[in-house]
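Engineer: any chance you could fold what I've pasted below:
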Amino acid sequence: MSDLWEHSERVSCTHPGWPPLHGWSKVVSSWFSLFQGPQQLQFILTGEHAHVAGDVGWVSVEENILDVGQSGTVAALNLFVRAPEGWRLVAHHGSPVSG
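Structural biologist: Sure, this is the predicted structure:
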């Protein structure tokens with residue numbers, strides 16, 4: 001996951017129910033916490049829509065998250081910029097889908 005992100009202070013990430021996180025150190029720490037937690041998360045992505053305008057791209061997707069005895073869907077928007085080394089994620093926003 002680290003290879004996908006731009007490692008800069010301009011990145012931001014909002015996980016469902018969390019306050020917005022700004023800067024690479026906070027963003028990477030949040031993902032590390034999620035993936036190292038006791039839960040066994042499985043993500044099934046559906047409804048993917050990708051668009052590019054010049055050096056900016058965005059992907060909206062439904063993240064269907066499965067855990068032992070639980071499940072839920074997050075509507076996510078991911079913003080990418082084209083860099084010399086390829087596309088890099090600069091923003092992720094996830095909102096829970098109810099019902």
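Engineer: what's the burial count for residue 43?
Structural biologist: The local packing of residue 43 (other CB atoms under 10 Å) involves 11 other residues. To be clear about C-beta, it is placed using only N, CA and C from the backbone, and glycine gets the same treatment.
Engineer: can you say which helix or strand has it in it?
Structural biologist: strand 42-53 (DSSP states H and E).
Engineer: remind me what that strand packs against, helices and strands.
Structural biologist: When contacts are defined as 3 or more CB pairs under 8 Å, 6 or more residues apart in numbering; DSSP states H and E, strand 42-53 sits against strand 56-67.
Engineer: what about dumping the CA coordinates of the strand it packs on to CSV?
Structural biologist: C-alpha atoms of strand 56-67 as CSV (Å, rounded to 0.1, in the frame of the first residue of the first chain):
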residue,chain,number,x,y,z
VAL,A,56,-5.2,14.0,-12.2
GLY,A,57,-7.3,10.9,-11.9
TRP,A,58,-10.0,9.7,-9.5
VAL,A,59,-11.6,6.4,-8.7
SER,A,60,-14.9,6.0,-7.0
VAL,A,61,-15.6,2.5,-5.6
GLU,A,62,-17.7,0.6,-3.1
GLU,A,63,-15.5,-1.2,-0.6
ASN,A,64,-17.5,-4.2,0.7
ILE,A,65,-15.7,-5.0,3.9
LEU,A,66,-16.0,-8.4,5.4
ASP,A,67,-14.8,-9.4,8.9
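Engineer: now the element after it, going C-ward?
Structural biologist: Next along the chain after strand 56-67, taking DSSP H and E as the criterion, comes strand 70-83.
Engineer: quick check: buried residues in that next one?
Structural biologist: The neighbour-count check on strand 70-83 (16 or more other CB atoms under 10 Å) flags 73-74, 76, 78-80 as buried.
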